[in-house]
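In: next come a sequence and a model predicted from it.
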Amino acid sequence: MVTVTINGKLVRAKEGEMLLAVLRREKIDIPALCHHEAVEPYGACRLCMVEITRKEWDGWKNMVTSCLYPVADGLIIQTHTTDLIELRKTILDLYLARCPNTPEIQDLAAQYGVMQTSYEQVADPNDCILCGLCTRICDRMGFSAISAVNRGHGREIAPPLKNAPPDCVGCLACALNCPTNYIKYTDIGHTREIWGRKFELLRDAKTGQLTITKEFAEYLSKHRVIPQDYFDLNDESHRKETALSLGKIAIWSREVPQ
Amino acid sequence: MKIVSPKQLEQLAAEYKKTADRHKKMVIVCCGTGCLANGAQKIVDAFAECLSRRKVKDFTVEAVKKTGCHGFCEQGPLVVIEPQGTFYTKVKPKDIETIIEKSIENDEVIEKFLFTNPKDGRKIEKYPDVPFFSHQHRIALRNLGKIAPFDIREYIAVDGYKALAKVLTTMTPDQVIDEITKSELRGRGGGGFSAGKKWRTCRNVPSDVHYVICNGDEGDPGAFMDRSIMEGDPHSVLEGMMICAFAVGAKQGYIYVRDEYPLAVIHLQKAIADCEEHGLLGDKILGADFSFSIRIARGAGAFVCGESSALMRSVAGEVGEPRAKYIHSVIKGLYDQPTVLNNVETFVNVPVIINHGADWFRKIGVPKNSGTKVFSLVGKVRNTGLIEVAMGTTMREIIYDIGGGIIDGRPFKGVQTGGPSGGCLPESKLDLPVDFDSLTEAGSMMGSGGMIVMDDKTCMVDVARYFLQFLVSESCGKCVPCREGLYQLHKLTIKICEGNGTEVDIEKMEKLSQQIVVGSLCGLGKSGPNPLLSTIKYYRDEYLAHIRDKKCPAGVCRNLITYRVIPELCTGCLACITACAYHAITGQKKEPHVINQDLCEKCGACVAVCKHDAIEVS
Amino acid sequence: MTHNFDKLPEIFARHPQDPSSLIMVLQDIQREYRYLPCEALLQTAQVLDVKLSKVFSVATFYNAFSLNPKGEKVVRICVGTACHIRGSALIKEQIEHHLGIKAGQTTEDMKFSIEVVACVGACAMAPVVIVNDKYHGGVSVGNATRLVKD
């Protein structure tokens, strides 16, 4: 265990823990758009940046992304200095230039007093904030069906060759975890469609309800040693509990496990 | 044939030295990329063809040697006659017959090929006397222009691998690191970080696997130092890496070469193959308990891959996305193993430091900035090319004494150092000593060594716009401040160049720049605003002229200039009418031509063809 | 466009068959076919054991790769700093105007493609234009279009 100082208050933390986890535990409100407990931290949105220093540094400070910075004994952290607020304002202002009509961004920006972008809006804006959560979660699930394509400002999330992704199983982990609900899917009749690919939904033997896709079920039984009766479950939350307790499937929603 | 001991290496060195000296006369043809593009291979072929027809006493085609870049690219193709040192410039294949007749068969010097010193109009016969070379202190470039790069014997003949032998027989890894640290060798890729410190940190990480990587990405546009070294003296790079590998405990090394340098890849591959054949790479090198292999990893066209963590991802076959470096790559680098990444020029200095000692190295340069630095001096300067000078040499000496001043005697406006991460320095800074710390203090940085000289016809706002455009296209796109911030900065500079800027825009750009510097994930973003900030700092008036007066003083920004035919000077020759791709010029033969402003695209074709200076740009 | 993909196994055999060879394999394919055909990407994913999405990411991240076929003559205009200072932007426009396409595109008759390159390291000869593998230095607005005459 180590001791750090956060906004003047002494706090205990586990050695090697990332700062953001400690801040969250202390109920300090720091935005972190590209962060999700189920996957490794990414450090792309830069909103979670905090100011750190140590007594030995004689006043020298550094700004680091708290999602990727490990705690160490004696670290002194400030989370809401004027500089940090200014930085978050600028980042959100830049986000608004890319996603002017996205409610989640508008709300977060408004919290920091940014009501509209002061920069040039992109032509044809959409709701993708390029946080990369979908691709990272897809990698974690073991499918890597989609990825970040192109470089720089033209970067986008897409399936390979912009066609129906061959490695997708329709598990919806990407769509359910997208912070802006940008990834659309449809469940019509027996068919699920996402990323331009169609999947067959399996029907529960007992209740007749549609559960998961055939491809996902096949993957689970082949690779994850899931008991067959798992597929007979039709209760969404019960299925999730079972999956989590089996410890073999990543979290499917933004709820943090207790 | 494997070299199994340092003694055998010594014997071979003596043998190869004799062979190298066997020719009474030698002809050296510069075959760096610049001269090759200007027809150097044709010159070599012309020698071969001529010598097959003519029997020359004491001279055969074996005495014609192709070497790497001499650095004096402006004057190429270059031919040097040794041992006299006669230096011929701008040679053409049709001149070879004459050169053989006069300078090889006899000892005549052909005046018309000699370099003329623009300062006094005198012709200079020997190349060490040419000011471009006499002001230089060539350590990293020591073998360039002297040895054939693809012949390991020539490298061994000039004490090649002697430092490696010394290290393997008389030094421990820690002693090697001590020596490099004592020399105060700082990273030549731009970071200027202590090489010795880096090696020591890497060595101290407890791991079975350590890596050594040579950064040959040289992404800064305008820089070609590393290319010339990799092409012209590949073995010196390998030797530096081998000594580093011994010091940090690495068994595997990589050279990351930019995709745009195919010749460098070929020469390095040959050097590696020759080393493997001679037992200088592989197991039990020179009979010592030291094994090391080197592989070449090719870049694929991404400036961001010059950044260490992005480079390592690229070596692993992934996209070049950097990562936050709270845990440095020297501790967790390639495949999460401790890795030393150093620039080509840094490695090339290592064998020299081992052979001559850290004290010798420290005596060159200035305190805390020891040794020399290779620069690519390009732009509006007379003598463009590759130079190497001691740290602390002033900008003025480099640009005027070595560079020969500005082309056409135009006024000096600025010099850009450090590439897209650096800044522009104005005339008031000409007496600045060129070293890591002085340049950073002035708002620029050393970078990898690109030095772009600009005259009064260069628009500094356009330069800022140009660098931002480059960075926007090279940004990996991962983090918001760089991807979105630099994009918006670029848009704002375009606005100003087009004449739609306001003074508020300058303030906006300065504020946004500060946030980008603080918030970006990697060096590309963090230093991206530098060119913009330094041009605003030193050339604010020019920005204001674009904004307030809607004028571009340098005559560059299209929307703010007009092309006009001066009727009094126009001879009516129709040249510009023919050259204009947009049919914007009208006029009859022998009558003054007129440019239609609505159709004129300001492409400059007319100015280029007008032999009477009758077109003015205002 | 139909291709003979028989060359692919030979290309794969040149490198270790693992993910670290991805970039070099794609470079060899790019050199062989002058772009990256879909079929080649699919096979690369299989042989190197890399997910197709990752192959596609790499193929679209780096400048060296093209997903569209290139023309017979690829005109690479250097837009590095030294070349820019010496007028490469105007040269680029001249060539674009002359061929009727923009950088990154190919003419309809597949004879010419225009590309911009950030720096080829021949800065002392600025401005530089490379047509296939031939370097041309000291190009000016007056003689640029000569390089792209058929």
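Out: Thanks, I have the structure now.
In: got the residues of the stretch 151-258 of chain A near chain B?
Out: Where the stretch 151-258 of chain A comes near chain B, counting by C-beta under 8 Å from any C-beta of the partner chain, the residues are A:151-155. Heads up, the C-betas are built off the backbone N, CA and C, glycines and all.
In: and those as a markdown table, adding secondary structure?
Out: Putting those into a markdown table (DSSP: H, G, I helix; E, B strand; the rest coil) gives the following:
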| residue | secondary structure |
| --- | --- |
| A:R151 | coil |
| A:G152 | helix |
| A:H153 | helix |
| A:G154 | helix |
| A:R155 | coil |
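In: buried ones among those?
Out: Among those, those classed as buried by 16 or more other C-beta atoms under 10 Å in any protein chain shown are A:151-153, A:155.
In: before we move on, back to that, of all the residues of the stretch 151-258 of chain A next to chain B, which two lie farthest apart?
Out: Spanning the widest gap among these are A:R151 and A:H153, at 8.7 Å by C-beta to C-beta.
In: intersection of neighbour lists for those two?
Out: Common neighbours of A:R151 and A:H153, using C-beta atoms under 8 Å, 6 or more residues apart in numbering or on different chains, are B:475, B:477.
In: looking at the residues of the stretch 151-258 of chain A next to chain B, which is nearest B:P567?
Out: Nearest member of those to B:P567, counting by C-beta to C-beta, is A:H153, at 46.9 Å.
In: which parts of chain A sit against chain C?
Out: Applying C-beta under 8 Å from any C-beta, one finds that chain A approaches chain C through A:135, A:144-151, A:158-161, A:165-167.
In: which pLDDT does the model give A:E255?
Out: At A:E255, the model reports a pLDDT of 37.
In: oh sorry, the question was meant for A:E37
Out: Predicted confidence (pLDDT) for A:E37: 83.
In: ditto for the one 3 residues further on
Out: pLDDT, the model's per-residue confidence, is 90 for A:E40.
In: and the residue lying closest to it once chain neighbours are set aside, how far is that from C:Q46?
Out: The shortest distance from A:E40 to any non-neighbouring residue, by C-beta to C-beta, 6 or more residues apart in numbering or on different chains, is to A:R136 (7.2 Å). Distance, A:R136 to C:Q46, by C-beta to C-beta, to the nearest Å: 24 Å.
In: neighbour-wise, which of these two wins?
Out: Applying other C-beta atoms under 10 Å in any protein chain shown to A:R136 and C:Q46 shows that A:R136 carries more neighbours, namely 22 against 11.
In: now for residue 5: which residues touch it?
Out: No chain in the question, so chain A it is. The contact partners of A:T5, by C-beta under 8 Å, 6+ apart, come to A:11, A:75-77.
In: think we crossed wires, I meant chain C
Out: C:F5 sits in contact with C:37, C:39-40, C:43, where contact means C-beta under 8 Å, 6+ apart.
In: go again using 7 Å as the cut-off
Out: C:39-40 (C-beta atoms under 7 Å, 6 or more residues apart in numbering or on different chains).
In: same thing with B:V556?
Out: Per C-beta under 7 Å, 6+ apart, neighbours of B:V556: B:459, B:462.
In: could you pick out the longest strand of chain A?
Out: Across chain A, the longest stretch assigned as strand under DSSP state E is strand A:197-203.
In: next helix or strand past that one?
Out: Using DSSP states H and E, the helix or strand that follows strand A:197-203 in sequence is strand A:210-213.
In: which elements pack onto that following strand?
Out: Contacts defined by 3 or more C-beta pairs under 7 Å, 6 or more residues apart in numbering or on different chains; DSSP states H and E place strand A:210-213 against strand A:197-203.
In: list the buried ones in the strand it packs on?
Out: Neighbour-count burial for strand A:197-203, counted by 16+ other C-beta under 10 Å, picks out A:197, A:199, A:201-202.
In: residues contacting it, please?
Out: Residues outside strand A:197-203 that contact it (C-beta under 7 Å, 6+ apart): A:164-165, A:168, A:170, A:187, A:190-192, A:210-215, A:217, A:231.
In: quick check: next helix or strand after whichever strand or helix holds B:V237?
Out: Take DSSP H and E as the rule and B:V237 turns out to sit in helix B:234-248. With elements assigned by DSSP H and E, the helix or strand that comes after helix B:234-248 is strand B:252-257.
In: from the middle of its chain, how far away would that next one be?
Out: How far strand B:252-257 lies from its chain's middle: 19 Å, per C-alpha atoms, centre = their mean, to the nearest Å.
In: that one: what's the following helix or strand?
Out: Counting by DSSP H and E, what follows strand B:252-257 is helix B:262-277.
In: for that next one, packing partners?
Out: So helix B:262-277, by 3+ C-beta pairs under 7 Å, 6+ apart, packs with helix B:225-232, helix B:234-248, strand B:252-257, strand B:293-298.
In: middle-most residue in chain C, spatially?
Out: With distances taken as C-alpha atoms, centre = their mean, C:A64 lies nearest the centre of chain C, 5.5 Å away.
In: from C:R34, how far out is that residue?
Out: 12 Å.
In: buried set for the strand or helix carrying A:Y95?
Out: Using DSSP H and E, A:Y95 maps to helix A:82-98. Using 16+ other C-beta under 10 Å as the test for burial, helix A:82-98 gives A:83-84, A:87-98.
In: ok, now which ones touch the residue in the stretch 251-400 of chain B positioned nearest to chain C?
Out: In the stretch 251-400 of chain B, the residue found nearest to chain C is B:G301; the distance is 2.9 Å by C-beta to the nearest C-beta. Counting by C-beta under 7 Å, 6+ apart, B:G301 makes contact with B:259, C:62-64.
In: contacting residues around stretch B:326-338?
Out: A:64, A:68-69, B:198, B:201-202, B:205, B:207, B:209-211, B:213, B:308-309, B:312, B:315-316, B:339-341.
In: try stretch B:374-382
Out: With contact meaning C-beta under 7 Å, 6+ apart, stretch B:374-382 is reached by B:118, B:140-141, B:222-225, B:345, B:384-388, B:398-399, B:403-407, B:410, B:449-455, C:82, C:85, C:123-124, C:126.
In: need the strands for the stretch 251-400 of chain B, in chain order.
Out: Secondary structure of the stretch 251-400 of chain B by DSSP state E, counting those that start in this stretch: the strands cover B:252-257, B:293-298, B:339-343, B:365-366, B:369-370, B:372-379, B:385-390.
In: now render those as JSON lines, adding mean pLDDT.
Out: As requested, the strands of the stretch 251-400 of chain B are exported to JSON lines (pLDDT from 0 to 100):
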{"stretch": "strand B:252-257", "mean pLDDT": "97"}
{"stretch": "strand B:293-298", "mean pLDDT": "96"}
{"stretch": "strand B:339-343", "mean pLDDT": "97"}
{"stretch": "strand B:365-366", "mean pLDDT": "94"}
{"stretch": "strand B:369-370", "mean pLDDT": "94"}
{"stretch": "strand B:372-379", "mean pLDDT": "93"}
{"stretch": "strand B:385-390", "mean pLDDT": "94"}
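In: got JSON lines for these, with mean neighbour count too?
Out: Compiled in JSON lines, the strands of the stretch 251-400 of chain B are given as follows (neighbours: other C-beta atoms under 10 Å in any protein chain shown):
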{"stretch": "strand B:252-257", "mean neighbour count": "23"}
{"stretch": "strand B:293-298", "mean neighbour count": "19"}
{"stretch": "strand B:339-343", "mean neighbour count": "27"}
{"stretch": "strand B:365-366", "mean neighbour count": "19"}
{"stretch": "strand B:369-370", "mean neighbour count": "23"}
{"stretch": "strand B:372-379", "mean neighbour count": "28"}
{"stretch": "strand B:385-390", "mean neighbour count": "25"}
